[in-house]
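Below is the sequence, then the predicted model.
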Amino acid sequence: SARLFQVLYKKAEALGVLHTYNIDRVLSEYCRQMTKIGIYVDRVAQKRLGEKLFKEFHETLSKLRSVVGDSDFNPFSVPQVSKFLYKTRGYTPVVYTKSGAASTSKVALLQLMENGIDEQTSLVIDLLFDTREVGKLLGTYVGYHVPHLHEFIEEYEEEEEDDRLYIGEDGRCHPSWASSVVPSGRLACNRPGIQQQPEVIRSMFAAQPGHMLVGIDASQVELRVLAALANVKKYKEVFAAGGDIHDFGAYRMLGIKKDDIVNQFRKVFIGREFSDSVPEELKIGGYESGFISEKDAVKFAERYFKEMRKIAKNCNHALNYGASEKKTFQMIKLNPRLPAAVRAKVDPRFIKVACSAWRETYPETPVFHNNCYDLFKKQGYLETYFHRRKRWFADGERDRGALPNHLVQGTTADLINEAFAIIVQAIPWDHNKRTGVILQNHDSYVVECEEKDAEKTLDILRKALYREFNGVKLFGEGKIGRSWEDV
């Protein structure tokens with residue numbers, strides 16, 4: 001083993017990957033420490049979350065049953081969904097299960113939408129996505145049993161193991177963290193996979209009494225890395241001016257500006273009757289009737305712009321990583337962070353216009369994608385800025401979108417992991433006090449510390465993430481709070 005190590009060490013040195021190797025070597029220990037320390041679960045917040053999700057689940061289920069016209073319709077029952085789509089509505093199945101039955105999976109439903117369906121069926125499918133998503137969150141984080149949920153997961157998501165939240169005697173959950181699992185260098189997490197879940201669950205993960213959580217998020221780091229690697233001029237201009245790239249994207253791809261939306265909503269809504277004037281997806285809780293004030297109109301406008309900005313942001317991320325228009329459409333329709341009423345407005349034609357505007361605004365990015373593919377075809381692999389190499393066993397065409405993805409996400413992961421090492425040197429884990437880094441969410445970190453150390457910890461996190469990469473500044477935005485949601 002010692003002789004083999006010397007041989008491999010010299011080869012790693014020749015390839016220029018010793019720095020990456022040293023980072024990966026310590027990451028495995030960092031993962032073990034994060035798993036051991038765990039994350040405190042606020043049972044009161046968990047109960048509130050359960051009540052919120054339970055209410056949302058039944059409200060969405062009621063809407064779904066109303067649209068379907070069946071008070072007993074179960075969104076998790078494959079036979080019932082299949083009967084509605086393929087017999088009642090008369091659509092032809094496009095995806096089949098291994099047993100030969102008509103599929104009602106996400107892929108099958110999206111394929112139906114792309115082929116063209118009527119407005120009612122489109123709304124049903126959007127509500128199906130929402131109901132299933134909330135049902136899974138209930139089952140994973142709150143323990144509420146949704147009928148037929150287990151059967152649905154078994155049939156369509158066989159690769160998922162038991163991912164339910166388990167709370168130990170110490171009042172903390174202990175997610176399983178792992179390095180060297182994802183080729184890009186990102187950390188992986190399961191049981192539960194909190195990295196992949198919507199933000200709504202974050203309120204229940206908190207600091208234990210007497211402690212605070214300190215969070216830091218690397219500001220739009222993947223876009224900054226892309227700007228540096230592909231020399232995307234518009235990105236660099238917006239970043240240098242201190243602007244918001246997603247506000248800019250909403251304007252260029254969707255043709256909307258926040259100030260214009262606010263002015264438009266002022267004209268349309270002020271003085272009108274609340275209950276009759278405001279679209280359902282924009283309503284703010286607490287109102288039953290009455291006339292709309294200027295303050296209300298501004299709130300409606302801000303909410304509308306926020307949702308449309310999310311669509312632009314999702315389009316931008318998907319296209320940056322080489323997604324086709326079809327894949328971009330799928331990603332937005334499946335995004336649980338977007339309300340069903342907002343997603344319902346997105347159709348293939350809408351995406352086509354947005355994608356065309358994106359290509360005109362950021363022409364360097366498609367060139368970068370093509371260069372990645374040409375380089376792969378020439379040498380059979382791609383490597384990140386820090387020489388993290390990945391080979392594809394397909395011809396590369398099928399995985400074309402994964403090629404630039406590896407370069408950008410892999411380079412970003414290496415930068416974030418470097419920061420992790422700096423953080424741990426300054427803030428080592430203390431398992432007696434339950435302090436230290438408790439989670440990493442791709443481009444962000446959360447540290448649990450004693451209240452008196454919160455400001456000092458935040459300063460350490462900011463310094464760890466600040467650097468310049470190929471002429472583009474990278475930095476983190478941090479907060480102090482009681483829960484993961486706060487930070």
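Here it is on my side, so go on.

just for the stretch 301-450 of the chain, where's the confidence low?
Residue ranges of the stretch 301-450 of the chain with pLDDT under 70: 336-337, 339-341, 393-399.

what ranges do the strands span in it?
Shown for the stretch 301-450 of the chain, the strands assigned by DSSP state E, counting those that start in this stretch span residues 381-383, 389-391, 436-440, 444-450.

In a markdown table, list these along with mean neighbour count and distance to residue 343.
Any C-beta I mention is one placed from the backbone N, CA and C, and that applies to glycine too. Compiled in a markdown table, the strands of the stretch 301-450 of the chain are given as follows (neighbours: other Cβ atoms under 10 Å; distance: least, Cβ to Cβ, whole Å):
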| stretch | mean neighbour count | distance to residue 343 |
| --- | --- | --- |
| strand 381-383 | 18 | 33 |
| strand 389-391 | 15 | 33 |
| strand 436-440 | 22 | 28 |
| strand 444-450 | 24 | 25 |
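
would you turn these into CSV with distance to residue 300?
Formatted as CSV, the strands of the stretch 301-450 of the chain follow (distance: least, Cβ to Cβ, whole Å):
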stretch, distance to residue 300
strand 381-383, 46
strand 389-391, 46
strand 436-440, 35
strand 444-450, 30
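
out of the ones you listed, which comes closest to residue 70?
Evaluated with Cβ to Cβ, the strands of the stretch 301-450 of the chain place strand 436-440 nearest to residue 70, the distance being 41.8 Å.

Contacts for that closest one, please.
Residues outside strand 436-440 that contact it (Cβ atoms under 8 Å, 6 or more residues apart in numbering): 30, 33-34, 37-39, 175, 177, 187, 189, 194, 205, 213, 416, 420, 423-424, 427-430, 445-448, 484.

Residue 259: which element?
Assigned by DSSP states H and E, residue 259 belongs to helix 258-269.

Quick check: buried residues in that helix?
Buried positions in helix 258-269, judged by neighbour count with 16 or more other Cβ atoms under 10 Å: 258, 261, 262, 265, 269.

Please identify the one among those that lies nearest to residue 105.
Nearest to residue 105, judged by Cβ to Cβ, of the buried residues of helix 258-269 is residue 261 at 36.3 Å.

and the closest one, what is it in contact with?
With Cβ under 8 Å, 6+ apart, residue 261 has these contacts: 301, 304, 305.

can I get those in a markdown table with distance to residue 381 and neighbour count?
Converted to a markdown table, these look like this (distance: Cβ to Cβ, whole Å; neighbours: other Cβ atoms under 10 Å):
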| residue | distance to residue 381 | neighbour count |
| --- | --- | --- |
| 301 | 49 | 22 |
| 304 | 45 | 20 |
| 305 | 43 | 21 |
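
The strands of the stretch 301-450 of the chain: which one's closest to residue 97?
That would be strand 389-391 among these, by Cβ to Cβ, at 31.9 Å.

pLDDT below threshold where in the stretch 1-150 of the chain?
144-150.

Quick one: the strands in it, in order.
In the stretch 1-150 of the chain, strands defined by DSSP E, counting those that start in this stretch lie at 39-41, listed in chain order.

May I have stretch 440-451 exported as CSV, CA atoms only?
In CSV, the C-alpha atoms belonging to stretch 440-451 read as follows (Å, rounded to 0.1, in the frame of the first residue of the first chain):
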residue,chain,number,x,y,z
GLN,A,440,-23.5,22.7,4.0
ASN,A,441,-26.1,23.4,1.3
HIS,A,442,-23.9,23.5,-1.9
ASP,A,443,-23.0,27.2,-1.8
SER,A,444,-23.9,28.0,1.8
TYR,A,445,-22.9,27.1,5.4
VAL,A,446,-24.7,27.1,8.7
VAL,A,447,-22.7,27.2,12.0
GLU,A,448,-24.2,26.7,15.4
CYS,A,449,-22.4,28.7,18.1
GLU,A,450,-23.0,30.2,21.6
GLU,A,451,-24.9,33.5,21.5
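
one step back: from the contacts of residue 261, which is closest to residue 170?
Proximity of the contacts of residue 261 to residue 170 (Cβ to Cβ) peaks at residue 305, which lies at 43.2 Å.

Spit out the contact partners of that closest one.
By Cβ under 8 Å, 6+ apart, the residues touching residue 305 are 250, 256, 258, 261, 262.

Quick check: the two most widely separated of those residues?
Taking Cβ to Cβ, the two most distant members of the contacts of residue 305 are 250 and 262; they sit 13.5 Å apart.

Secondary structure class of residue 177, three-state.
Following DSSP: H, G, I helix; E, B strand; the rest coil, the label given to residue 177 is strand.

What separation is there between it and residue 138?
Applying Cβ to Cβ, to the nearest Å, the value for residue 177 to residue 138 is 25 Å.

What of residue 342?
In this view, residue 342 and residue 138 are 22 Å apart by Cβ to Cβ.

Please apply the same query to residue 249.
When residue 249 is compared with residue 138 (using Cβ to Cβ), they lie 33 Å apart.

Mind checking which of these two has more residues around it?
Relative neighbour count places residue 249 above the other of residue 249 and residue 138, with 26 against 20, counting by other Cβ atoms under 10 Å.

and the spatially closest residue to the more buried one that is not a sequence neighbour, what does it touch?
In space, and not counting its chain neighbours, residue 249 is closest to residue 312: 4.4 Å by Cβ to Cβ, 6 or more residues apart in numbering. By Cβ under 8 Å, 6+ apart, the contact set of residue 312 is 246, 249, 250, 253, 254, 354.

Can you tell me which of these lies closest to residue 293?
Residue 293 lies nearest to residue 250 out of those, by Cβ to Cβ, at 25.8 Å.

Now do the strand or helix carrying the closest one, average pLDDT.
Element membership for residue 250 (DSSP H and E) is helix 245-254. For helix 245-254, mean pLDDT is 90.

Quick one: list the elements packing against that helix.
Helix 245-254 sits against helix 233-240, helix 294-320, helix 348-361, with contacts defined as 3 or more Cβ pairs under 8 Å, 6 or more residues apart in numbering; DSSP states H and E.

Quick one: closest of those to residue 51.
Comparing the helices and strands packed on helix 245-254 by Cβ to Cβ, helix 294-320 comes nearest, at 23.0 Å.

didn't residue 313 look like it was pressed against residue 247?
No: in this structure residue 313 lies outside contact range of residue 247 using Cβ atoms under 8 Å: 9.7 Å.

Tell me where the stretch 101-250 of the chain has helices.
Secondary structure of the stretch 101-250 of the chain (DSSP state H, counting those that start in this stretch): helices located at 106-115, 119-137, 149-156, 221-230, 233-240, 245-254.
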